[in-house]
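Chemist: My questions concern the predicted model and sequence given below.
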Amino acid sequence: MIFKKGELFNGPGGLSLGAKNARVIHPRTGEEWRIEHLWSNDYDAKACETYRLNICEDIEDSSVHWGPVEDLPIGNKDVLGEIDCFAFGFPCNDYSQVGEKHGLNGTFGPLYSYGVKVLVDYQPKFFVAENVGGLQSANEGKAFIQILTELEECGYQLTPHLYKFEEYGVPQARHRIIIVGIRNDLAKKGIEYKVPAPTSLSSIDYTTSYEGITNPPIPEDCANHEMPRHTQKVKDMLYHIPAGENAWYPGIPEHLQLKVKGARLSSIYKRLDPNRPAYTVTGSGGGGTHMYHWEELRALTNRERARLQTFPDDFVFCGSKEQVRKQIGMAVPPIGAQIVFEAILKTFAGIEYNYVTPTPKLQLEKLKGKTKKLTDRKFLNKQQDIALV
């Protein structure tokens with residue numbers, strides 16, 4: 001059984017590599033269940049090149065549409081063929097915990113609506129949507145409720161869950177909301193997606209940043225592995241920062257300390273702890289935000305960051321160093337995505353697997369109930385204020 005996939009906001013292809021690698025063989029019939037790319041879109045030209053090269057294995061592949069999603073002919077099935085499934089990691093800039101958190105009022109916040117349009121026009125059997133954990137608190141929680149409601153109204157049974165990817169073999173503490181939707185008519189027939197159980201039972205089993213980067217060693221001639229350059233002052237400061245600590249470590253000599261007023265971000269010149277998963281790989285930021293080696297006096301290379309995101313060494317990123325850094329930092333870890341897609345394939349194939357209960361506070365009915373209670377409470381408080389007057 002092959003599911004043809006459409007995708008919006010494809011980035012370099014983290015979600016799609018996970019889908020491409022997902023394979024399920026039915027133990028009784030021997031039938032193979034898998035997912036194939038049909039079309040995708042992104043506004044980042046270099047990300048599209050990366051996607052074509054690695055997912056389509058052809059840098060000229062015309063099925064990857066570069067340009068604003070507003071210009072994509074969604075619904076025109078002569079251009080974009082029929083699909084069985086759909087994936088979209090809609091832009092997270094306005095929902096991230098880092099930044100101004102504009103939510104639905106930002107430039108990127110409303111872009112999820114193009115995913116809704118795909119669902120309405122194509123009615124695929126299932127979809128996978130991904131975003132940052134901050135989505136649940138954007139616009140006082142109203143953005144998340146609105147998005148879930150619109151996705152549900154497209155005709156889908158939703159299973160939103162906050163995945164902690166370090167629990168699934170990723171050498172990085174990366175927490176992302178993933179919403180899996182199964183079309184209602186299929187859900188009524190008993191096709192019910194369940195959140196796959198973590199592969200690491202406790203923090204003792206987590207894959208460390210040391211293991212992720214060094215096992216096996218990265219070949220010296222590996223793509224995207226150019227060593228960064230630093231000033232002597234940065235090297236001297238890093239020398240005094242132990243593994244796991246940052247630029248605010250008290251043991252740094254005064255003449256090397258940063259002269260910063262106001263908020264002090266914990267990730268500034270933070271060195272990895274080799275005995276724990278890495279902190280979250282990001283795609284942007286100025287000096288001190290590039291992630292730093294636990295032993296060597298330098299930032300990580302893009303290939304080392306890609307290792308922490310679980311991209312294989314033969315996955316080549318296109319573009320400048322900063323363009324590649326952005327692609328890596330914005331991507332979904334392919335190993336985490338593969339686990340989700342394989343659970344979906346097992347669901348459709350009728351194969352049992354270990355699962356856990358979805359994150360309770362992300363369930364739509366409970367969210368609606370919570371919102372109603374807050375509204376009722378505000379109304380009662382207002383009535384009390386009137387009575388006092």
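Modeler: Received the coordinates, thanks.

Chemist: For Met291, list the residues it contacts.
Modeler: Contacts for Met291 were tallied using C-beta atoms under 8 Å, 6 or more residues apart in numbering; they are Ser267, Lys270, Leu272, Ala278, Tyr279, Val281, Ala299, Leu300, Glu304, Arg305, Leu308. For the C-beta atoms, the positions are set from N, CA and C on the backbone; glycine is no exception.

Chemist: Let's see that with 10 Å instead.
Modeler: If you count contacts by C-beta atoms under 10 Å, 6 or more residues apart in numbering, Met291 has them with 172, 209, 267, 269-272, 278-282, 285, 299-301, 304-305, 308, 325, 329.

Chemist: And the helices in the stretch 201-350 of the chain?
Modeler: 209-214, 232-239, 302-308, 321-330, 334-349 (DSSP state H, counting those that start in this stretch).

Chemist: how close does the nearest residue to Thr357 once chain neighbours are set aside get to Thr208?
Modeler: Leaving aside its chain neighbours, Thr357 sits nearest to Val195 (7.3 Å; criterion: C-beta to C-beta, 6 or more residues apart in numbering). For Val195, the distance to Thr208 equals 25 Å [C-beta to C-beta, to the nearest Å].

Chemist: can you check Val69 too?
Modeler: Going from Val69 to Thr208 by C-beta to C-beta gives 38 Å.

Chemist: Hmm, Val132 is touching Tyr163, no?
Modeler: No. Assessed by C-beta atoms under 10 Å, Val132 is found out of contact with Tyr163, at 11.4 Å.

Chemist: what about the two, which has more around it?
Modeler: Neighbour count, other C-beta atoms under 10 Å: between Val132 and Tyr163, Tyr163 has more, with 25 against 21.

Chemist: doesn't Val128 fall inside a strand?
Modeler: Yes. Checked against DSSP: H, G, I helix; E, B strand; the rest coil, Val128 lies within a strand.

Chemist: which residues touch it?
Modeler: 5, 7, 15, 18-19, 85-89, 178-181, 193, 332, 337, 340-341, 344.

Chemist: Now intersect those with the helices, please.
Modeler: Under the assignment DSSP state H, these contribute Leu15, Gly18, Ala19, Ala337, Val340, Phe341, Ile344 to helices.

Chemist: can you list these in TSV and add neighbour count?
Modeler: Formatted as TSV, those follow (neighbours: other C-beta atoms under 10 Å):
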residue	neighbour count
Leu15	31
Gly18	24
Ala19	28
Ala337	31
Val340	25
Phe341	28
Ile344	27
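
Chemist: Could you export those residues as JSON lines, including pLDDT and distance to Leu367?
Modeler: Formatted as JSON lines, those follow (pLDDT from 0 to 100; distance: C-beta to C-beta, whole Å):
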{"residue": "Leu15", "pLDDT": "97", "distance to Leu367": "25"}
{"residue": "Gly18", "pLDDT": "98", "distance to Leu367": "27"}
{"residue": "Ala19", "pLDDT": "98", "distance to Leu367": "28"}
{"residue": "Ala337", "pLDDT": "98", "distance to Leu367": "25"}
{"residue": "Val340", "pLDDT": "98", "distance to Leu367": "21"}
{"residue": "Phe341", "pLDDT": "98", "distance to Leu367": "26"}
{"residue": "Ile344", "pLDDT": "98", "distance to Leu367": "23"}
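
Chemist: Kindly indicate which of the residues you listed lies nearest Leu148.
Modeler: Lowest distance from Leu148 to these (C-beta to C-beta) belongs to Val340, with 17.5 Å.

Chemist: The closest one touches Ala22, doesn't it?
Modeler: Yes. Val340 is within contact range of Ala22, at 8.4 Å (criterion: C-beta under 10 Å).

Chemist: related to what we said a few turns ago, using ChimeraX, define a selection of the buried residues within the contacts of Met291.
Modeler: Buried subset of these, written as a ChimeraX selection, criterion 16 or more other C-beta atoms under 10 Å:
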select :172,209,267,269,270,271,272,278,279,280,281,282,299,300,301,304,305,308,325,329
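
Chemist: got any ranges where the stretch 51-200 of the chain has weak pLDDT?
Modeler: Filtered on pLDDT under 70, the stretch 51-200 of the chain yields the residue ranges 92-109, 136-141.

Chemist: try it again with 80
Modeler: 91-110, 132-143 (pLDDT under 80).

Chemist: what ranges do the helices span in it?
Modeler: According to DSSP H, counting those that start in this stretch, the helices that the stretch 51-200 of the chain contains are 112-122, 142-153, 184-187.

Chemist: if I pick the spatially most central residue of the chain, what's in contact with it?
Modeler: By C-alpha atoms, centre = their mean, the chain has its centre lying nearest to Val332, at 3.7 Å. Applying C-beta under 10 Å, 6+ apart to Val332 gives the contacts 11-18, 87, 89, 128, 130, 163, 165, 174, 176, 178, 309-310, 340.

Chemist: Could you export the helices of the stretch 201-350 of the chain as TSV, including distance to Ser200?
Modeler: Shown next, in TSV, are the helices of the stretch 201-350 of the chain (distance: least, C-beta to C-beta, whole Å):
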stretch	distance to Ser200
helix 209-214	12
helix 232-239	30
helix 302-308	16
helix 321-330	23
helix 334-349	12
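
Chemist: so which of those helices gets nearest His65?
Modeler: helix 321-330 (17.3 Å).

Chemist: So what's the model's average confidence on the closest one?
Modeler: The average pLDDT within helix 321-330 is 96.

Chemist: could I get that helix in CSV with only the CA atoms?
Modeler: Output of helix 321-330 as CSV, limited to C-alpha atoms (Å, rounded to 0.1, in the frame of the first residue of the first chain):
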residue,chain,number,x,y,z
LYS,A,321,26.7,28.4,6.0
GLU,A,322,24.0,30.6,7.4
GLN,A,323,21.3,29.3,5.0
VAL,A,324,22.3,25.8,5.9
ARG,A,325,22.2,26.6,9.6
LYS,A,326,18.7,28.0,9.2
GLN,A,327,17.5,24.8,7.3
ILE,A,328,18.9,22.5,10.0
GLY,A,329,17.5,24.5,12.9
MET,A,330,14.0,24.8,11.4
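
Chemist: gap between that helix and the chain center?
Modeler: Distance of helix 321-330 from the chain centroid (C-alpha atoms, centre = their mean, to the nearest Å) equals 14 Å.
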